[in-house]
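Student: one predicted model, sequence on top.
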Amino acid sequence: MKRLTILGATGSVGASTLDLVARNPDRFSVTALTAGKDWRRLAELARTFRPDHVVIADEAAFADLAEALAGEPVTVSAGAAALAAVAREPADLVVAAIVGAAGLPPTLAAVEAGIPVALANKEALVCAGSLMTAAAARTGAALLPIDSEHNAIFQVLEDRSRVSRIVLTASGGPFRQMPREAMAAVTPAQAVKHPTWSMGAKISIDSATLMNKGLELIEAWHLFGVRPDQLGVLVHPQSLVHGLVEYVDGSVLAQLGPADMRVPIAHALAWPERIATPVERLDLAKIGRLEFEEPDRERFPALALAEAALAEGQCRPCVLNAANEVAVAAFLEGRIGFLEIAAVVAATLEAMDSRCPESLADVFETDARARAVAQQYVTRVKQSSFAGQRAAG
Ligand code: NDP
């Protein structure tokens, strides 16, 4: 029986994870569940999955959650410190499925406690990948990727020293074929409508801008220890081939599977074994052909920004991520347009200096400064023609 702590249990990855837990009661039990704000859903999940602990990040939701679970055999706590503390509680696997840099402290806490982590929260690696991989090396905690592309690479990666290239595929998002001018008018409702995957709002917007693929390149660099120039992206609109590894002899190993997150999550949960899932099987004869194309970095500048941040290193990925989180939130709230997401990120990167974060405190300091700068640009976008200038540039 594997005891799981699920950070971000109320989200999309959390739901897919709990679906697999419910289908495999003889294999998995739940030690702890966490959420950001959604205390009602967290209370429901606690009654269904009977964890020992639940934690809600939003302290204002504590009283409601505690009242909803009064009399249940579960400890209830709230706040960032409680989140990190629950991640250190004894468990066989921590599923890191919080969205954004908010997931970094509990994910790092689990790794520092030597607990294997099934990692969906890519922003944690983007912000503090070196700290995370150093802690994993020190404690021996495995980092098992849940992100479908990284899970694919993990499945086909043999001898790292014989790898010539790692390629992550991208669906291209809902605006793959849309002219850039038309993107100026897209709404949040259109942008969250992913053509092949069903996901939370933030990653759906990141997929639409291709920032998601950029964050994933940085994630892959930390996970697989290859040079940045050995990492590539290929647009594959069908989302059936998730990742490819080319070896020095010219062989290319790829992983295919349906676009259902339960496949990579099942792999990470059961690793090193495999478990059955109810997902639809691939029928390649019916699919007929697989399509690939180069990403268009002019229409999707967020990808180029992330590639540059990866190449520059230091704190650039952390700045990129923080600015992107601010810009995506502003877009979802209708405060800026779609094209201005990458523009705000670019302006923030330009405005910030580059330093090497050596501690978690440095990461938080950089993250906070970048958010403040990005917020200023968001305000400026609203007030001036800044957006038009940046988009044109
Ligand atoms: P969702 O938005 O669906 O869920 C996010 C989860 O994080 C929710 O449980 C949410 O709680 C919680 N949360 C939000 N803010 C905070 C906070 N400040 N502190 C603590 N918890 C918080 O996201 P997804 O499930 O789509 O994505 C989760 C992560 O997995 C992301 O990093 C994403 O990039 C990655 N990922 C997701 C994939 C997918 O298919 N969805 C695929 C590959 C990677 P609440 O519900 O209370 O707001």
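Tutor: Alright, I've got the coordinates.
Student: and A306, what does it touch?
Tutor: Neighbouring residues of A306 by CB atoms under 8 Å, 6 or more residues apart in numbering: 211, 213-215, 217-218, 317, 320. Any C-beta I mention is one placed from the backbone N, CA and C, and that applies to glycine too.
Student: now the strands for the stretch 151-300 of the chain?
Tutor: Using DSSP state E, counting those that start in this stretch, the strands of the stretch 151-300 of the chain run over 163-170, 231-235, 241-247, 252-256.
Student: to what extent is the spatially closest residue to P264 that is not a sequence neighbour buried, counted in neighbours?
Tutor: The shortest distance from P264 to any non-neighbouring residue, by CB to CB, 6 or more residues apart in numbering, is to N151 (3.6 Å). Neighbour count of N151, defined by other CB atoms under 10 Å: 26.
Student: work out which residue lies at the spatial centre of the protein.
Tutor: Relative to the mean C-alpha position of the chain, the nearest C-alpha, by CA atoms, centre = their mean, is the one of K122, at 3.5 Å.
Student: next one: that one from P174, what distance?
Tutor: 20 Å (CB to CB, to the nearest Å).
Student: kindly report the same for G257.
Tutor: Here the distance between G257 and P174 works out to 21 Å (CB to CB).
Student: who has more neighbours, these two?
Tutor: Neighbours were counted for G257 and for P174 using other CB under 10 Å; G257 has more, 21 against 18.
Student: for that one, which residues are in contact?
Tutor: G257 makes contacts with 148, 152, 240, 242, 263-264, 279, 282, as judged by CB under 8 Å, 6+ apart.
Student: try 10 Å this time
Tutor: 148, 151-152, 155, 239-242, 263-264, 267, 277, 279, 281-282 (CB atoms under 10 Å, 6 or more residues apart in numbering).
Student: A308 too?
Tutor: Neighbour list for A308: 214, 316, 320, 346, 349 [criterion: CB under 10 Å, 6+ apart].
Student: for the stretch 251-393 of the chain, which residue gets nearest to the ligand?
Tutor: In the stretch 251-393 of the chain, the residue that lies nearest the ligand is M261 (4.4 Å; CB to the nearest ligand atom).
Student: would you mind confirming that that residue is in contact with V95?
Tutor: No. Using CB atoms under 10 Å as the test, M261 is too far from V95 to be in contact (11.7 Å).
Student: give me the common contacts of those two.
Tutor: With CB under 10 Å, 6+ apart, M261 and V95 have common neighbours 13, 16-17, 120, 146.
Student: find the residue closest to D367 in space, skipping its chain neighbours.
Tutor: A322 (4.7 Å).
Student: assign a three-state SS to that neighbour, would you?
Tutor: For A322, the assignment made with DSSP: H, G, I helix; E, B strand; the rest coil gives helix.
Student: and the pLDDT for Q389?
Tutor: As predicted, Q389 sits at a pLDDT of 50.
Student: which residues does the residue in the stretch 201-350 of the chain that the ligand sits nearest to contact?
Tutor: The nearest approach of the stretch 201-350 of the chain to the ligand comes at I203, 4.0 Å away (CB to the nearest ligand atom). By CB under 10 Å, 6+ apart, the residues touching I203 are 11-13, 99-100, 120, 122-123, 147, 192, 194, 197, 211-212, 215, 328.
Student: go on, N121?
Tutor: 7-8, 13, 95-104, 106-107, 127, 146-147, 219.
Student: can you do 7 Å?
Tutor: Contacts for N121 (CB atoms under 7 Å, 6 or more residues apart in numbering) come out as 96-98, 103, 107.
Student: mind listing what the residue of the stretch 1-150 of the chain found nearest the ligand touches?
Tutor: Nearest to the ligand, among the residues of the stretch 1-150 of the chain, is G11, at 1.9 Å (CB to the nearest ligand atom). Residues counted as contacts of G11 (CB under 7 Å, 6+ apart) are 97, 99, 200.
Student: what's the most distant pair in the contacts of A306?
Tutor: Spanning the widest gap among the contacts of A306 are K213 and P317, at 13.7 Å by CB to CB.
Student: most remote residue from the chain's center?
Tutor: G71 (35.3 Å).
Student: look at that residue and tell me its secondary structure.
Tutor: Criterion first, three-state DSSP; result for G71: coil.
Student: for the stretch 101-250 of the chain, which spans come out with low pLDDT?
Tutor: Scanning the stretch 101-250 of the chain for pLDDT under 70 picks out no residues.
Student: can you do 90?
Tutor: 194-198 (pLDDT under 90).
Student: for the ligand, what are the nearby residues on it?
Tutor: 102, 120-123, 147, 197, 199-203 (CB under 6 Å from any ligand atom).
Student: for those residues, which single residue is the most surrounded?
Tutor: Busiest of these [other CB under 10 Å] is A120, holding 34 neighbours.
Student: gap between it and T17?
Tutor: From A120 over to T17 the distance is 9 Å, taken as CB to CB.
Student: what sits in contact with each of those two?
Tutor: With CB under 7 Å, 6+ apart, A120 and T17 have common neighbours A97.
Student: okay, the contacts of G11 in a markdown table with distance to R3 next?
Tutor: Shown next, in a markdown table, are the contacts of G11 (distance: CB to CB, whole Å):
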| residue | distance to R3 |
| --- | --- |
| A97 | 16 |
| V99 | 24 |
| G200 | 25 |
